[in-house]
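Chemist: Sequence and predicted structure are below.
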Amino acid sequence: MKKFLLLIFVAATLNTGALTPDSAFYISGKLQQVKTGMMYLTIYSENGAAKDSAKIVNGNFNFKGFVQKPSTAFLTLKDRKQDNLRFFVEAGKMTISGNGDKLKDLDISGSQLNADDKKLDVFMKPVNDDEEKFYAAYSEAAKNKDQKVIDSLDALEDAMTAHKRSFIKQFVVTNPASLRSAMAISENYGYYAEAEEVEPLYNALSASVKSSAAGVSVKKMLDIYKTVAIGQYAPEITQLDTTGKPLSLSSLKGKYVLVDFWASWCGPCRKENPNIVKAYNAFNNKGFEIFAVSYDNEKGVAKWKKAIVDDGLVWKQVSDLKGWKNSTSDQFYIKAIPSNLLLDKDGKIIAKNLFGKKLTDKLSALMN
């Protein structure tokens, strides 16, 4: 797999009195086969997870709190951590009911968002089934260290992503008034995508969805994609190198520059590094340079520097040591790594996400 994704959940807060009454949620649950025990609720946010628990009495349990935006949540039972119900918590009242033998099969009422989420799951089932088989095959190949199979699956990944996005596009176009449509756009086009792909989907959304937090997030993503589209000049990046000195991307103007977003802890990044080393060795003396931005954090400085040495990365290296909160994450909308941009001698973006042989092929066409 060539990417390591940052999973982004809409911000949520439990039991925060400062929030307004209209942001309150109430969950009432009724299980037929589980009469006692503890039910656990976890709501995810960009800053982590908020957790709560409730006693199950005669099959009944209840949760209440506050949530500013619809947020991804999970219900789990003690000693059944592999069994869970994924759903969205939103302001208002909802009821969760069913046998309780399998939490994932529980029914949710009182929430249009969750009804639409179920609709999307049914619609995406053929794609999700194929994706599950794909990742199972990849895991098996990795376990057996079968590089030939791994390479063949890597070559299919882009096609698989495109196929999945074609389904998402159909769902959005046929459900423009659904909040779930806006959320699906962010989930599926928040990495390795272009403004020209996202804009028609955003335009298809209803006015009310566009004005929602999810719709505003899609618009933000779209606006950033426009600023870093092919043909645009790359925004400036100035961060500290491994010695603590500031280094700017603009200092490399006059050369073809690969802006490489990576991290020492990112397996796909480390796997890609030999390909980048090969390209650097072949084209550096012809006017090719690399400006690498690490998504390591302050605790990972030693590992970052060690990875540079271990992988033979002799080019320019910078980081602000904020992990996924690296300033370039919002600046370029980098939500998956490795990611890269190829700039011409004037600093204009001429290609994106050139992995493996694609990078050397592109450089060969430009510089030979």
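Modeler: Yep, it's here.
Chemist: Let me know how buried N144 is, in neighbour terms.
Modeler: Residues lying near N144 (other C-beta atoms under 10 Å) number 10. Quick note: C-beta positions are derived from backbone N, CA and C, even for glycine.
Chemist: I misspoke; the intended subject was S139.
Modeler: S139 has 11 nearby residues by other C-beta under 10 Å.
Chemist: Show me where this protein dips below the pLDDT cut-off.
Modeler: Along the chain, segments meeting pLDDT under 70 span 1-22, 47.
Chemist: what about the nearest residue to I350 once chain neighbours are set aside, distance to F134?
Modeler: Nearest non-adjacent residue to I350, counting by C-beta to C-beta, 6 or more residues apart in numbering: D344, 5.0 Å away. Counting by C-beta to C-beta, to the nearest Å, the separation of D344 from F134 is 35 Å.
Chemist: doesn't G254 make contact with the residue nearest to I350?
Modeler: No - judged on C-beta atoms under 8 Å, D344 makes no contact with G254 at a distance of 10.2 Å.
Chemist: which one of these two has more residues nearby?
Modeler: D344 (16 against 11).
Chemist: Show me the helices in the stretch 101-250 of the chain, by range?
Modeler: 112-143, 147-174, 179-189, 195-204, 207-210, 213-227 (DSSP state H, counting those that start in this stretch).
Chemist: The ones you listed: which one's closest to F87?
Modeler: For those, proximity to F87 was assessed by C-beta to C-beta; helix 112-143 is nearest, at 5.3 Å.
Chemist: Tell me who's in contact with the closest residue to V228 other than its chain neighbours.
Modeler: Once flanking residues are discounted, V228 sits nearest to F332: 5.2 Å by C-beta to C-beta, 6+ apart. Residues near F332 by C-beta atoms under 8 Å, 6 or more residues apart in numbering: 224, 228, 235, 261, 339, 341.
Chemist: same deal with E197?
Modeler: Counted by C-beta under 8 Å, 6+ apart, E197 has contacts 165, 189.
Chemist: next one: G48
Modeler: With C-beta under 8 Å, 6+ apart, G48 has no contacts at all.
Chemist: and what of N353?
Modeler: So N353 contacts 192, 339-340 (C-beta under 8 Å, 6+ apart).
Chemist: Neighbour-wise, which one of the residues you listed leads?
Modeler: Within the contacts of N353, most neighbours by other C-beta under 10 Å means S339, with 25 neighbours.
Chemist: do you know how far that one is from A365?
Modeler: 21 Å.
Chemist: Check Y40 too.
Modeler: For Y40, the distance to A365 - C-beta to C-beta - is 55 Å.
Chemist: who's more crowded, the two?
Modeler: Y40 (16 against 8).
Chemist: Helix, strand, or coil at the more buried one?
Modeler: strand (DSSP: H, G, I helix; E, B strand; the rest coil).
Chemist: Would you agree it is in contact with R80?
Modeler: No - between Y40 and R80 there is no contact under C-beta under 8 Å: 10.1 Å.
Chemist: hey, what's in contact with both of those two?
Modeler: Common neighbours of Y40 and R80 (C-beta under 8 Å, 6+ apart) do not exist.
Chemist: got a list of what A204 touches?
Modeler: A204 touches 172-173, 176, counting by C-beta under 8 Å, 6+ apart.
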